Structure formats: C-alpha cells, structure tokens
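Undergrad: The sequence and its predicted three-dimensional model are supplied below.
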Amino acid sequence: MIKVSEHAKSQIAQLMQSDGFNPSSDYVRVGVKSGGCSGLSYDLKFDKNAQEQDQIFEDNGVRIVVDKKSFLYLVGTTLEYSGGLNGKGFVFNNPNASRTCGCGESFAL
C-alpha cells in the first residue's frame, strides 16, 4: 500500500487538472527506475490506464498504480508534498530505503 498525505493530495489534483487528467478517474503512476546518486530513483507521472499487472490502490481519494517490480521497493511509502525553503516538490517517505540522497529523489536498499 502507498499512502498519500493531505497536502500531496491537493497538489496532485491541481497538477492533474492542469495537465488534462481527471483526478477522480485517472491514476498517479508511481515507480522506481535505475539511476540517481543513490542507485534507484523515483518516477512519478499521470496515467489514464492501468496495465494488467499493475497494483492498484486508492488512498485519500488518489488513485495510484504501481508496476509489480516497483511495488516491492515502495511498500509502505507515503507520498508527501513539501513547499518549504529548500525547494518544493513531492517527497517519498520510504521505510524500505536504507540510504537516500540529499535531494530525496533517489535511494538505496
């Protein structure tokens, strides 16, 4: 399961609408790919369709899809949004990560 904070929910809804997606019927696709300064990086985008082997969740009114491989790295993660002085953007609070980089966009297990 992937959780979505209240602040992230409102930012997702705004971004989805401005990009032509419908927050009540379309998905936020969360994934993991090779790369980044810690070895793995997060991938976040919008998608109108779920694939056959995707894991599908809904938390806090946000529909999330994750491919099976990425799901293993993301179980228990909370997606948050930070708008502080250090920059703004989505933050992944991943309990599976043993190390993260300073920008928070990559991690290692």
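TA: Ah, there it is. Residues are numbered from 1 along each chain as shown.
Undergrad: what's the closest non-adjacent residue to Ser34?
TA: Counting by CB to CB, 6 or more residues apart in numbering, Leu40 is the residue found nearest to Ser34 once chain neighbours are left out, at 6.4 Å. No exception for glycine: its C-beta is placed from N, CA and C like everyone else's.
Undergrad: So the one you found is in contact with Ser70, correct?
TA: No: using CB atoms under 8 Å as the test, Leu40 is too far from Ser70 to be in contact (9.5 Å).
Undergrad: Show me where the protein has its helices.
TA: 6-18, 68-74 (DSSP state H).
Undergrad: out of those helices, nearest to Val32?
TA: helix 68-74 (4.3 Å; CB to CB).
Undergrad: Let me see the mean pLDDT of that closest one.
TA: Averaged across helix 68-74, the pLDDT comes to 92.
Undergrad: sorry, back to before: find residues that contact each of Leu40 and Ser70.
TA: Val32 (CB atoms under 8 Å, 6 or more residues apart in numbering).
Undergrad: quick one: contacts for the spatially most central residue of the chain?
TA: Nearest to the mean C-alpha position of the chain, counting by CA atoms, centre = their mean, stands Val30 at 4.3 Å. Contact analysis of Val30 by CB under 8 Å, 6+ apart lists Ile2, Tyr42, Asp43, Leu44, Ile64, Val65, Val66, Ser70, Leu74, Thr77, Leu79.
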